[in-house]
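Peer 1: What follows is a predicted structure for the sequence shown.
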There are 2 protein chains.
Amino acid sequence: MSIATVSRIINGTAKVSPERKDAVEAAIAKLNFRPNAAARGLALGKSNTIGVITQAIDSPFYGEGLRGIEDYLQQRGYTALFMSGNWDEQDEERCMAELLSRRVDGIIIFSGRLQDRQLASYAKQVPLVVSGRSLKAPNIFSLQVDDERGAWLATRHLIELGHRRIAFIAGILDHPDASLRFKGYRRALADAGIAHDPKLVVPGDFHEEGGVEATLRLLKSGNKFSALFCVNDQTAYGACLALHRSGLNCPRDVSVVGFDDLHSSSYRVPPLTSVRQSIRVLGESSGAAMLQMLQGEQPDISLPQVELIVRESTAAPAKE
Amino acid sequence: MSIATVSRIINGTAKVSPERKDAVEAAIAKLNFRPNAAARGLALGKSNTIGVITQAIDSPFYGEGLRGIEDYLQQRGYTALFMSGNWDEQDEERCMAELLSRRVDGIIIFSGRLQDRQLASYAKQVPLVVSGRSLKAPNIFSLQVDDERGAWLATRHLIELGHRRIAFIAGILDHPDASLRFKGYRRALADAGIAHDPKLVVPGDFHEEGGVEATLRLLKSGNKFSALFCVNDQTAYGACLALHRSGLNCPRDVSVVGFDDLHSSSYRVPPLTSVRQSIRVLGESSGAAMLQMLQGEQPDISLPQVELIVRESTAAPAKE
DNA sequence: CTGAAAGCGCTTACAG
DNA sequence: CTGAAAGCGCTTACAG
């Protein structure tokens, strides 16, 4: 019996007599044989692997997205190869190089620092799905969460509660998510006829530590505020801690709202009001879009709307 | 010029005349050529890839460990291939099969449900590093955090603060980490001459939700307690929320200590007292042990001691 | 239904 | 220093 026949049996790629089939299957089980995926990939010209560049494999934010990608792809015969870009252009290029050399069938990129120009160039070699930016280019599909609307919802919620002095802790300056959220914040203020006070906007770093420092700075500045909209949940965690350290209570003294609705946000004390953008769905959608591209189709995926999840970190301002 | 020469130039595997070298490098740059890793792996019989089975790619606990592995391996020319086992034996077997078919050079397994017997059998095909259990078998190296000592430290801390009625929220029953931590808890009580009250021990699920429910059950049972030792930080988060919902304050009414010292624990309100076992180091150590095994050496890696990080969720019991 | 052969893209003795 | 050849483990026309 030839190896060609064995190949055909394993892949069910041709009719084979039952006896042979049984014999081969018995041998496979006995010898614990597993086809070599690399050899298979070589012969077929495809690896059944999708590279995924996330900024940190242990990011609480992107984590659920990775899970979404993994589940989606795995059920369809693909496996995901995850790499951390570390918010660093060089590192991301290293990841791309590695992924390309492994001949992944496509690459999904969560955010990151690669220039649009560079992405467009990589897209000549492999289909790309990018999230966190809107980029139109051949062989690239981009999926963008509606950051501006989310920020608008969050800020409007605070306004409806009666807040007028609403501070904003931003992310890193040149980060697209951060600027869109900032925009939504200002638009909500404008819509309510509230003047935007630049003194109430301070930079953060998307992490807890930045939230702590920004809040302390805000408190020390003497500029009054009764509510705090944070660019993301991690920043909000830091803000809450800073308030606590300063003897202030959330939400009695200051209301806080975050963005992302991390899983752990509903278990904070108090549970955090936040804007939910299902990052798991983002992951699944990225996977779906990629498989569509691999099929030669134009992806027709869109993300669910962001929504505000009101919990206990926001309340009407104290009467003064 | 032959492809053999190109191969030698790329790998620096033989002396080549400078002109040729320059010419080839120019061509590589021009054509954006990248050697096909699959073909290379086929020819060499090694993939330079280490499979990693974690239970959930988005686990806040194991996340830092994945990062540790990734960094360690990447700096040494290896890449990590992550897969989620989902705390499910079938899924883990699926991961193993996939990894073996990709001919990874070794596999690192964080915890999981695979039987020791099965691991020993897989180890005949590929070197294994396992964490979260102590297993002695050929071609397997296991790395075990000192759960019992950590639990002992946590419980003793509570005792030293003056607590006598200390409840324990356990994890899933048959989970080894959980039983070792339970053991450490009882030993600390015994060492202090405090009788162990089984009514103060309730099961959880290693997640926030389990912590909420367990705490509520404990509260409703009417069995008094002034402190709560939780099998892990996520459980402690849930416990804190349940206390809050019940109108109780941590640490004034009930002290809470966790285990793992997740990054976000230091940003809780109040910051959580917890047992630190650097999971990042666990990751790096796993990578190091694996590379040693690949070199044919017997790994000589050991983990740093666990330590108690005292923060603000623990205090002396209220005078009654 | 099945086998021999060529090819996927690389590496490495083996000869020059 | 360099090329031709064989081989890594698979798949798939091409012939039977």
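Peer 2: Received the coordinates, thanks. Numbering: from 1, shown residues only, chains lettered A, B, ... in the order given.
Peer 1: what's the distance between A:Leu161 and A:Pro317?
Peer 2: A:Leu161 sits 7 Å away from A:Pro317, going by C-beta to C-beta, to the nearest Å. All C-beta spots, glycine's among them, are computed from the backbone N, C-alpha and C.
Peer 1: what sits in contact with each of those two?
Peer 2: Here A:Leu161 and A:Pro317 share the contacting residues A:227, A:255, scored by C-beta atoms under 8 Å, 6 or more residues apart in numbering or on different chains.
Peer 1: Can you tell me how far the residue positioned nearest the centre of chain A is from A:Asp261?
Peer 2: When C-alpha atoms, centre = their mean is applied to chain A, the residue found nearest the centroid is A:Tyr62 (4.2 Å). According to C-beta to C-beta, A:Tyr62 stands 14 Å off from A:Asp261.
Peer 1: likewise A:Ala214?
Peer 2: In this view, A:Ala214 and A:Asp261 are 20 Å apart by C-beta to C-beta.
Peer 1: same question, A:Ser246
Peer 2: Note on A:Ser246: its distance to A:Asp261, by C-beta to C-beta, is 25 Å.
Peer 1: higher neighbour count, these two?
Peer 2: The residue with more neighbours, out of A:Ser246 and A:Asp261, is A:Asp261; 24 against 13, by other C-beta atoms under 10 Å in any protein chain shown.
Peer 1: That one is in contact with A:Asp233, isn't it?
Peer 2: Yes. In terms of C-beta atoms under 8 Å, A:Asp261 counts as a neighbour of A:Asp233; the distance is 6.8 Å.
Peer 1: Any chance you could list residues touching both of those two?
Peer 2: By C-beta under 8 Å, 6+ apart, the residues touching both A:Asp261 and A:Asp233 are A:Ser274.
Peer 1: A:Gly312 looks like it's in a strand, true?
Peer 2: Quick fix: residue A:312 reads Glu, not Gly. No. Read with DSSP: H, G, I helix; E, B strand; the rest coil, A:Glu312 is coil and lies in no strand.
Peer 1: quick one, what contacts it?
Peer 2: Contacts of A:Glu312 by C-beta under 8 Å, 6+ apart are A:251, A:270-271, A:273.
Peer 1: tell me the mean pLDDT for stretch A:39-53?
Peer 2: Per-residue pLDDT values across stretch A:39-53 average out to 96.
Peer 1: Repeat that for stretch A:214-233.
Peer 2: Mean per-residue pLDDT for stretch A:214-233: 97.
Peer 1: Can you check the distance spanned by it, start to finish?
Peer 2: By C-alpha to C-alpha, to the nearest Å, the extent of stretch A:214-233 from end to end equals 14 Å.
Peer 1: Can you point out the buried residues in that stretch?
Peer 2: A:214-216, A:218-219, A:225-233 (16 or more other C-beta atoms under 10 Å in any protein chain shown).
Peer 1: Please tell me how far A:Met96 sits from A:His175.
Peer 2: Distance, A:Met96 to A:His175, using C-beta to C-beta: 20 Å.
Peer 1: Let me fix that, I meant to ask about A:Asp233.
Peer 2: According to C-beta to C-beta, A:Asp233 stands 15 Å off from A:His175.
Peer 1: What of A:Ser7?
Peer 2: Distance, A:Ser7 to A:His175, using C-beta to C-beta: 50 Å.
Peer 1: Do you have the strands of the stretch 51-200 of chain A handy? List them.
Peer 2: Here the stretch 51-200 of chain A has its strands, by DSSP state E, counting those that start in this stretch, at A:79-84, A:106-110, A:128-131, A:140-143, A:166-170.
Peer 1: picking that back up, looking at A:Ser7 and A:His175, which has the bigger crowd around it?
Peer 2: Neighbour count, other C-beta under 10 Å: between A:Ser7 and A:His175, A:His175 has more, with 19 against 14.
Peer 1: In this structure that one contacts A:Pro203, no?
Peer 2: No. Applying C-beta under 8 Å, one finds A:His175 not in contact with A:Pro203, separated by 10.3 Å.
Peer 1: Tell me how many other residues surround the closest residue to DNA strand D within the stretch 201-320 of chain A.
Peer 2: Residue nearest to DNA strand D within the stretch 201-320 of chain A (C-beta to the nearest atom of the strand): A:Leu294, separated by 15.6 Å. Neighbour count of A:Leu294, defined by other C-beta under 10 Å: 15.
Peer 1: Do I have it right that A:Arg252 meets A:Ala315?
Peer 2: Yes. Between A:Arg252 and A:Ala315 there is a contact at 7.0 Å, judged by C-beta under 8 Å.
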